[in-house]
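coords please:
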Amino acid sequence: MYKVSRNTVEILGVKIDNLKVGEALERIEQLIEEGRRGAPKYIIKPNTEIVTYAQSDAQFKKILNNADLAPPDGVGLMIGSKLLSSGLSQRVGGPDLTEAILKLAEDKGYSCYFYGAKPKVIEKLSLVLKKRFPKLKIAGLRHGYVEKDESVVVEIKTVKPDILFVALGYPKQEKWIATNLNDFKVPLSIAEGGSFDFISGETKRAPYWMRKLGLEWLFRLIIEPGRIRRQMALPKFLWLIFSKRK
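Residues are numbered from 1 along each chain as shown. Next up is the predicted model:
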């Protein structure tokens with residue numbers, strides 16, 4: 001394994017890694033090994049909603065910028081980077097990266113713990129993981145609707161996974177990881193967003209051609225019209241980008 005140096009760009013004050021999927025996986029393997037030696041690491045997956053929200057939450061922005069890896073997620077960031085001439089090379093985050101990490105974990109023998117999402121999503125995720133990644137070491141699965149998350153922290157400390165996937169939605173998942181990082185001492189924690197929903201099959205993904213064209217947001221809006229309020233983050237993000245260019 002070779003050492004991958006970080007190449008980051010800054011969009012609205014948020015550092016984002018400019019890299020391709022293969023480089024991200026090399027970096028992730030590196031982070032796990034470093035984390036095993038006693039320095040816990042964490043990954044966030046910034047998109048337009050997250051970057052826009054960070055403009056009004058200084059604590060959240062600091063957590064984002066302290067992450068050990070921040071692969072870009074979503075076509076909006078790609079557009080924003082071009083407008084700022086920072087040139088992100090590839091959309092890396094999202095469920096595709098999560099699936100690649102799971103394959104890496106299966107091949108390398110890394111154990112994984114999954115925390116977050118709805119109870120029915122976790123039930124489906126458990127079945128899908130066992131079918132698609134039969135040799136994956138699953139240290140535990142817990143849905144995000146628990147009364148006291150202290151019990152989750154205790155369980156994580158007990159089972160000692162190599163990778164912790166957290167899907168509580170932003171900014172909660174990022175803040176939860178930052179708060180507990182040095183307590184449960186997991187080598188690598190990853191803020192997942194909605195990846196559990198996609199991988200479990202609970203939420204349908206856009207056809208491949210729509211994903212290639214950067215139209216996954218449109219597909220999700222069609223099947224989930226209630227997302228229109230969340231989609232408003234994109235025009236706000238672009239307005240902030242144009243304001244910065246002046």
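
mind checking the longest helix of this protein?
The longest helix of the chain (DSSP state H) is helix 21-36.

which secondary structure elements does the helix or strand that comes right after that one contact?
Using DSSP states H and E, the helix or strand that follows helix 21-36 in sequence is strand 41-43. Packing partners of strand 41-43 (3 or more Cβ pairs under 8 Å, 6 or more residues apart in numbering; DSSP states H and E): helix 21-36, helix 172-184, strand 188-191. Backbone N, C-alpha and C define where each C-beta goes, glycine included.

Apply 6 Å and report the result again.
With contacts taken as 3 or more Cβ pairs under 6 Å, 6 or more residues apart in numbering; DSSP states H and E, strand 41-43 sits against strand 188-191.

Please list the outside residues in contact with the strand it packs on.
31-32, 35, 41-44, 163-166, 173-174, 177 (Cβ atoms under 6 Å, 6 or more residues apart in numbering).

and that strand, what's its mean pLDDT?
For strand 188-191, mean pLDDT rounds to 98.

now what about the next helix-or-strand element following that strand, what contacts it?
Sequence-wise, the next helix or strand downstream of strand 188-191 (DSSP H and E) is helix 195-200. With Cβ under 6 Å, 6+ apart as the test, helix 195-200 has contacts from 95, 98, 117, 121, 124, 125, 128, 167, 203, 205.

Go through the residues you listed and give me the one with the most neighbours.
Top of the contacts of helix 195-200 by neighbour number is residue 117, holding 28 neighbours under the definition other Cβ atoms under 10 Å.

residues near residue 96, how many?
17.

Find the residue closest to it in space, skipping its chain neighbours.
residue 21 (7.6 Å; Cβ to Cβ, 6 or more residues apart in numbering).

Looks to me like residue 103 is in a helix.
Yes. Counting by DSSP: H, G, I helix; E, B strand; the rest coil, residue 103 is part of a helix.

what about it, neighbour count?
Other residues close to residue 103 by other Cβ under 10 Å number 14.

Grab the nearest non-local neighbour of it.
residue 133 (7.0 Å).

residues in contact with stretch 13-32?
1, 4, 7-9, 41, 46, 51, 54, 64-65, 68-72, 88-90, 92, 100, 104, 162, 187-188.

Just the residues you listed: which are in helices?
51, 54, 64, 65, 100, 104.

Next, the contact list for the third one, please.
Right, the one you point to is residue 64. Here residue 64 is in contact with 14, 44, 54 (Cβ under 6 Å, 6+ apart).

Same list (those) but as JSON lines, adding distance to residue 199, neighbour count and pLDDT.
As requested, these are arranged in JSON lines below (distance: Cβ to Cβ, whole Å; neighbours: other Cβ atoms under 10 Å; pLDDT from 0 to 100):
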{"residue": "14", "distance to residue 199": "26", "neighbour count": "22", "pLDDT": "95"}
{"residue": "44", "distance to residue 199": "18", "neighbour count": "31", "pLDDT": "97"}
{"residue": "54", "distance to residue 199": "26", "neighbour count": "24", "pLDDT": "96"}
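
Now render these as TSV, adding distance to residue 76.
Shown next, in TSV, are the contacts of residue 64 (distance: Cβ to Cβ, whole Å):
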residue	distance to residue 76
14	13
44	16
54	14
